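**Student:** I'll drop the sequence and a predicted model, then ask my questions.
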Amino acid sequence: MQGKIIIFSAPSGAGKTTIVRHLVNVLPELSFSISACTRDRRGRSEINGKDYYFITPEEFREKIGQDEFVEWEEVYEGAFYGTLKSEIERIWSEGKHAILDVDVKGGLSVKNFYKDRALSVFVKPPSIEELSKRLVARNTDSASSISSRVFKAKFELSFEDQFDVVIVNENLEEAFAKAEKLVRDFIYPQEPIV
Ligand SMILES: Nc1ncnc2c1ncn2[C@@H]1O[C@H](COP(=O)(O)OP(=O)(O)OP(=O)(O)O)[C@@H](O)[C@H]1O
Ligand SMILES: Nc1nc2c(ncn2[C@@H]2O[C@H](COP(=O)(O)O)[C@@H](O)[C@H]2O)c(=O)[nH]1
């Protein structure tokens, strides 16, 4: 089996993590690609080696120097995130396809790196107002962090055309169904009937 990559990118709050978690639960062929990141762990709700590999900025710089990343970004001021080549290799060596939850620039870089072996999906919120409401309701970020995420979202929305597919996440059940179909069609392509 040739391992593939499924990339989910979106402005913060659009719902990509919710969709990716659902896909990992319903499709055992998929394995979540755990990114390296330099931000602090959110209390007990996050586990090192499950949600992220939490590393220091020095360790992150060392990995950049040793060319260990497919891509990396300073997603928010002072917070670095990166997709590790070793993580993708680990998933493929286990006979699974890698599913990624990365920011918009990172998603485009991963697609460019793996080309046809990758499917890039842009998750779009129904509106900026709804995105903002979701971030407030999620209750994980400060007011200033929410306003910088919403500000950045307006810019990120201009990249949707560069992705293979766009899913508008208005009704969550519909978004789950569309995402499931897209992923199944990508990992099990139909042979053309001759
Ligand atoms: N269709 C939806 N309708 C209403 N709420 C939703 C919908 N989809 C996701 N949510 C909620 O919106 C919030 C943001 O979703 P999620 O954390 O998945 O976003 P995200 O794009 O991964 O954000 P980040 O990049 O910050 O991790 C969560 O509280 C989630 O439960
Ligand atoms: N470019 C990358 N972006 C990544 C990666 N891993 C996660 N992310 C994105 O960062 C933000 C913030 O996440 P949070 O957990 O701090 O709320 C989110 O948009 C993720 O998609 C990565 O390896 N590269």
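**Tutor:** Thanks, I have it. Residues are numbered from 1 along each chain as shown. Ligands and ions are numbered 1, 2, ... in the order given.

**Student:** just for this structure, where's the confidence low?
**Tutor:** Scanning the chain for pLDDT under 70 picks out nothing.

**Student:** rerun at 90
**Tutor:** Counting by pLDDT under 90, the chain shows low-confidence ranges at 1, 42-45, 76-78, 140-141, 145, 190-194.

**Student:** Around ligand 1, which positions in it sit nearby?
**Tutor:** 10, 12-18, 134, 137-138, 169, 172, 175 (C-beta under 6 Å from any ligand atom). Quick note: C-beta positions are derived from backbone N, CA and C, even for glycine.

**Student:** so which strand or helix has the residue in the chain positioned nearest to ligand 2?
**Tutor:** Residue of the chain nearest ligand 2, by C-beta to the nearest ligand atom: Gly106 (2.2 Å). According to DSSP states H and E, Gly106 maps onto helix 104-114.

**Student:** Show me what that helix is packed against.
**Tutor:** strand 5-9, strand 69-76, strand 79-84, strand 118-124 (3 or more C-beta pairs under 8 Å, 6 or more residues apart in numbering; DSSP states H and E).

**Student:** which residue lies farthest from the center of this structure?
**Tutor:** Within the chain, Val194 marks the point farthest from the mean C-alpha position, 37.0 Å out by C-alpha atoms, centre = their mean.

**Student:** And that one, how far from Val121?
**Tutor:** 30 Å (C-beta to C-beta, to the nearest Å).

**Student:** The lengthiest helix in the chain to strand 118-124, inter-axis angle?
**Tutor:** Assignment by DSSP state H gives helix 172-187 as the longest helix of the chain. Helix 172-187 and strand 118-124 meet at an angle of 170 degrees, taking axes from the mean of the first three to the mean of the last three C-alpha atoms, to 10 degrees as the criterion.

**Student:** I would like the residues contacting helix 172-187, please.
**Tutor:** Residues outside helix 172-187 that contact it (C-beta atoms under 8 Å, 6 or more residues apart in numbering): 4, 6, 8, 15, 18-19, 22-23, 26-27, 29-30, 97, 99, 119, 121, 123, 165, 167-169.

**Student:** now the residue nearest the centre of the chain, nearest residue through space, not along the chain?
**Tutor:** Most central in the chain under C-alpha atoms, centre = their mean is Asp101, positioned 1.3 Å from the mean C-alpha point. Distances taken as C-beta to C-beta, 6 or more residues apart in numbering put Val20 closest to Asp101, at 4.7 Å, once the chain neighbours are dropped.

**Student:** list the contacts for that neighbour?
**Tutor:** Phe8, Phe32, Ile99, Leu100, Asp101.

**Student:** go again using 6 Å as the cut-off
**Tutor:** Phe8, Ile99, Asp101 (C-beta atoms under 6 Å, 6 or more residues apart in numbering).

**Student:** buried stuff in the helix or strand harbouring it?
**Tutor:** Using DSSP H and E, Val20 maps to helix 16-26. Under the neighbour-count criterion of 16 or more other C-beta atoms under 10 Å, helix 16-26 has Lys16, Thr17, Thr18, Ile19, Val20, His22, Leu23 buried.

**Student:** No further queries at this time; thank you.
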